[in-house]
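Colleague: would you be able to build a 3D model of this:
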Amino acid sequence: MALGLRDFNCVDPFGRSWNVKFLWHQVGIAIRHADTIDCKFYLTSDDEQLDKIIAIGHPHLLVLCKELNREITDPWVIRLAAAHLRYMIESGEDMDKTLITPGLAELRQAETTPVAA
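Modeller: Next comes the predicted model:
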């Protein structure tokens, strides 16, 4: 796995620096009966601590894999989730949610977004 996926920093629109740590990933059917791959991250900023789960839909992954002519791999799914989380923090979008399910367009954007700064 590329350096920067398990532990990275980014800044939100309010100027707060967040440290993001990847905790785990697993198939969502095991915990929520959902057709997703869930990636959990732990975020800290000063005295604030948040958990975020990026739930990537398996049907979206299949479409993206076909478009990109690639296979689904654990490192790739984790990178997509981390890139989407970076976007969320930097834009402030969906930061009020703990469980986030990005759509296909958001996954396409994440595919081209670097995780580590």
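Colleague: when you work out contacts or count neighbours from here on, use the C-alpha atoms and nothing else.
Modeller: Fine.
Colleague: which secondary element of the protein has the worst mean pLDDT?
Modeller: helix 29-32 (a mean of 74; mean pLDDT, DSSP states H and E).
Colleague: ok, the most centrally placed residue in the chain - contacts?
Modeller: Closest residue to the average C-alpha location of the chain: Ala81 at 2.1 Å, with Cα atoms, centre = their mean. Ala81 makes contacts with 39, 54-56, 110, as judged by Cα atoms under 8 Å, 6 or more residues apart in numbering.
Colleague: from the chain's centre, how far out does the helix or strand it falls within sit?
Modeller: Under the criterion of DSSP states H and E, Ala81 resides in helix 74-91. On the basis of Cα atoms, centre = their mean, to the nearest Å, helix 74-91 sits 3 Å off its chain's mean C-alpha point.
Colleague: SS state for Glu67?
Modeller: Secondary structure state of Glu67, per DSSP: H, G, I helix; E, B strand; the rest coil, is helix.
Colleague: tell me where this protein has helices.
Modeller: 29-32, 58-68, 74-91, 104-111 (DSSP state H).
Colleague: reformat those helices as TSV; add distance to Pro13.
Modeller: As requested, those are exported to TSV (distance: least, Cα to Cα, whole Å):
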stretch	distance to Pro13
helix 29-32	32
helix 58-68	29
helix 74-91	6
helix 104-111	19
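Colleague: out of those helices, nearest to Leu5?
Modeller: helix 74-91 (6.3 Å; Cα to Cα).
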